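this one's sequence-less:
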């Protein structure tokens, strides 16, 4: 019997849980890993200039401390799947929560710059684990009829985490009299900003004790009865639970475990479809989106904006990011992936080009001229909006859908690794590039946004409405 026939027999495809609110809670708890991801990505924004002053470091060294967390993220993401298959999804979440809590305390109380860098790597490893386990767990627990909507919780949690961290930073800066190194609770304000990360980390850990283990993992380790109980809990007891367990067992046995070797072939080492995935990942980062979240406060202060106002502008950018993400979630299945990507690319080119133009003017009394200052501020929000409603969501949708079944897991891993590496390259290079020529730096980002248009038109195929079995 095929998996499709078994699904029809068990009734899983049309299953509706008896308590949908409980299932939503389970998905939201797992998505807290995404919240930590977003929070950590942005919280450092409030500490950049203070770290520079505290340790008297240049832009290159500072950039490495900021970006080094991404190395930890890459390692955590690469190893999370194997760890979760051995000890379970919930235990993996709990390990991530503990590591992130320890990292938050260490980051808040560093005794040297290298010490701070070490704790950022630890936190990055925890986030890398959570960023992989959250979506995988939600996909395994969610009823098929609700999987898409519940799966979107992860991206929503990331952008909310970014916004909350910006708001908290702004509040703490105000409490410290507008000085990142001002005293607050016996510490400098930037240390408190990093230490506050303990709160969501502990909450994530506590929530992991309130949600069930994945039925798929339980079946893999022979705990069929417990798996039946959880399936009844999340999919309702109207389905044939024995048939549902058999269906999962059959699917697991018939799955092809993709390996790196499966990706090889073609003219340039990897198969063409793998290069398309890598290209999507690289373009998503090379437009400079993470500059807006790692360095926005520093950026605004460099062109004469008051520190408190720069934190407020960073927060408003995060709100725009949430709005754009919601727009993408609404239209990605209606309009399609390619049209959204193209619309986003055009919008990003306009926003980035206007920023490059505004930053090309000389500062007057330490500030941009009024017209250029307002242009830069509005253009930055335009850029973030168009990124969020397109590439921020669409790339992850493409990567989850575009690869053939026999390549999907391994190809997604390579594409995700390329994304972390590209993220690191942009994050590590921005301070030095900005010192060299801020306008030219934004011209570079504009060029990548422009090049993404012919890339999508020529190489990226629409996946809307296609079954995963049709890909390849």
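Looks like it arrived, so ask away. Treat the numbers as computed from the prediction; the structure is a model and nothing was measured. Numbering: from 1, shown residues only.

ok, residues contacting stretch 82-90?
92, 95, 129, 132-133, 136-137, 140, 208, 211-214, 217, 220-221 (CB atoms under 8 Å, 6 or more residues apart in numbering). Heads up, the C-betas are built off the backbone N, CA and C, glycines and all.

go again using 10 Å as the cut-off
The contact list for stretch 82-90 (CB atoms under 10 Å, 6 or more residues apart in numbering) reads 30, 76, 80, 91-96, 129, 132-134, 136-138, 140-141, 208-209, 211-214, 216-218, 220-221.

now do stretch 440-447
With CB under 10 Å, 6+ apart as the criterion, stretch 440-447 contacts 286-289, 291, 348-360, 376, 379-380, 383, 426, 429-430, 432-435, 437.

Make a ChimeraX selection of the buried ones in those residues.
Buried members of those, defined by 16 or more other CB atoms under 10 Å, are picked up in ChimeraX with:
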select :286,287,288,289,291,348,349,350,351,352,353,354,355,356,357,358,359,376,379,380,383,426,429,430,433,434
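
Just the ones of the contacts of stretch 440-447 in helices?
The helices, defined by DSSP state H, take in 286, 291, 348-359, 376, 379-380, 383, 426, 429-430, 432-435, 437 from the contacts of stretch 440-447.

Figure out the helix or strand that the nearest residue to residue 390 once chain neighbours are set aside lives in.
Leaving aside its chain neighbours, residue 390 sits nearest to residue 344 (2.2 Å; criterion: CB to CB, 6 or more residues apart in numbering). Per DSSP states H and E: residue 344 is located in helix 337-359.

Would you mind pulling up the elements that that helix packs against?
In this structure, helix 337-359 makes packing contacts with helix 272-286, helix 296-302, helix 307-331, helix 370-388, helix 391-401, helix 408-459, judged by 3 or more CB pairs under 10 Å, 6 or more residues apart in numbering; DSSP states H and E.

per-stretch mean pLDDT over those, give me the minimum one.
Lowest mean pLDDT of the helices and strands packed on helix 337-359: helix 296-302, a mean of 75.

who does that one touch, helix- and strand-wise?
Short answer (3+ CB pairs under 10 Å, 6+ apart): helix 296-302 packs on helix 48-55, helix 59-87, helix 153-175, helix 291-294, helix 307-331, helix 337-359, helix 370-388, helix 408-459.

and those, which is most packed in?
Across the helices and strands packed on helix 296-302, the average number of neighbours (mean count of other CB atoms under 10 Å) peaks for helix 291-294, which reaches a mean of 24.

Now do that helix: distance to the chain's middle.
Distance, stretch centre to chain centre, for helix 291-294: 13 Å (CA atoms, centre = their mean, to the nearest Å).

And for residue 438, nearest residue in space, chain neighbours not counted?
With CB to CB, 6+ apart as the criterion, residue 438 has its nearest non-adjacent residue at 4.5 Å, and that residue is residue 359.

mind listing what's buried in whichever strand or helix holds residue 101?
Using DSSP H and E, residue 101 maps to helix 89-108. Using 16+ other CB under 10 Å as the test for burial, helix 89-108 gives 89-97, 99-104, 106-108.

that older thread, now the residue nearest to residue 390: how far from residue 283?
Separation of residue 344 from residue 283 (CB to CB, to the nearest Å) stands at 11 Å.

Got the phi and psi for residue 270?
phi -90, psi 160 (degrees, to the nearest 10).

Near it, how many residues? Count them for me, please.
Close neighbours of residue 270, defined as other CB atoms under 10 Å, add up to 18.

Ignoring the adjacent residues along the chain, who's closest to it?
residue 263 (5.4 Å).

Isn't that neighbour up against residue 417?
No. Using CB atoms under 10 Å, residue 263 is not in contact with residue 417, being 11.8 Å away.

was I right about residue 66 contacting residue 107?
No. Residue 66 is not in contact with residue 107 according to CB under 10 Å; the separation is 11.9 Å.

shared neighbours, those two?
Both residue 66 and residue 107 are contacted by 44, 47, 117, 120, under the criterion CB under 10 Å, 6+ apart.

Out of those residues, list just those in helices.
Of the shared contacts of residue 66 and residue 107, the ones assigned to helices by DSSP H are 117, 120.

what's the farthest-apart pair in the shared contacts of residue 66 and residue 107?
The span of the shared contacts of residue 66 and residue 107, defined through CB to CB, is set by 47 and 117 at 12.8 Å.

More neighbours: those two, which one.
Legend: neighbour count by other CB under 10 Å for residue 47 and residue 117, higher for residue 47 (26 against 19).

buried stuff in the helix or strand hosting residue 244?
Residue 244 is part of helix 241-254, with elements assigned from DSSP H and E. For helix 241-254, the neighbour count (16+ other CB under 10 Å) marks 241, 243, 244, 245, 246, 247, 248, 249, 250 as buried.

So the first one sits against residue 234, correct?
No. Contact status for residue 241 versus residue 234: not in contact, 11.5 Å apart, counting by CB under 10 Å.

Residue 315 touches residue 293, doesn't it?
No. Checked against CB under 10 Å, the pair residue 315 and residue 293 is beyond contact range at 11.3 Å.

Next, show the common contact partners of those two.
Shared contacts of residue 315 and residue 293 (CB under 10 Å, 6+ apart): 42, 162, 165, 166.

Tabulate the residues you listed (CSV), appending distance to residue 181 and pLDDT.
Below are the shared contacts of residue 315 and residue 293 laid out as CSV (distance: CB to CB, whole Å; pLDDT from 0 to 100):
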residue, distance to residue 181, pLDDT
42, 20, 80
162, 24, 86
165, 19, 90
166, 19, 85
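
Go through those and name the one nearest residue 332.
Using CB to CB, residue 162 is the member of the shared contacts of residue 315 and residue 293 that lies nearest residue 332, at 19.7 Å.

Could you measure from residue 248 over to residue 144?
12 Å.

whoops, residue 80 was the one
Taken as CB to CB, the span from residue 80 to residue 144 is 24 Å.

For residue 31, see how far away residue 135 is.
8 Å.

out of those two, which sits in the more crowded spot?
Set side by side, residue 135 and residue 31 show more neighbours around residue 31, with 29 against 21, by other CB under 10 Å.

How about the contacts made by that one?
Contacts of residue 31 by CB under 10 Å, 6+ apart are 37, 130, 134-135, 137-138, 150-158, 160-161, 204, 207.

in the stretch 1-150 of the chain, what spans have low per-residue confidence?
Scanning the stretch 1-150 of the chain for pLDDT under 70 picks out 1-18, 147-148.

cutoff 80 now
Judged by pLDDT under 80, the stretch 1-150 of the chain has its weakly predicted residues at 1-20, 41, 45-46, 59, 78, 81-82, 131-132, 139, 143-150.

which helices and strands does the helix holding residue 244 pack with?
So helix 241-254, by 3+ CB pairs under 10 Å, 6+ apart, packs with helix 3-10, helix 215-220, helix 224-235.

Buried residues, the longest one. List them.
Same thing as helix 224-235. Buried residues in helix 224-235 (16+ other CB under 10 Å): 224, 227, 228, 230, 231, 232, 233, 234, 235.

Fine by me, thanks again.
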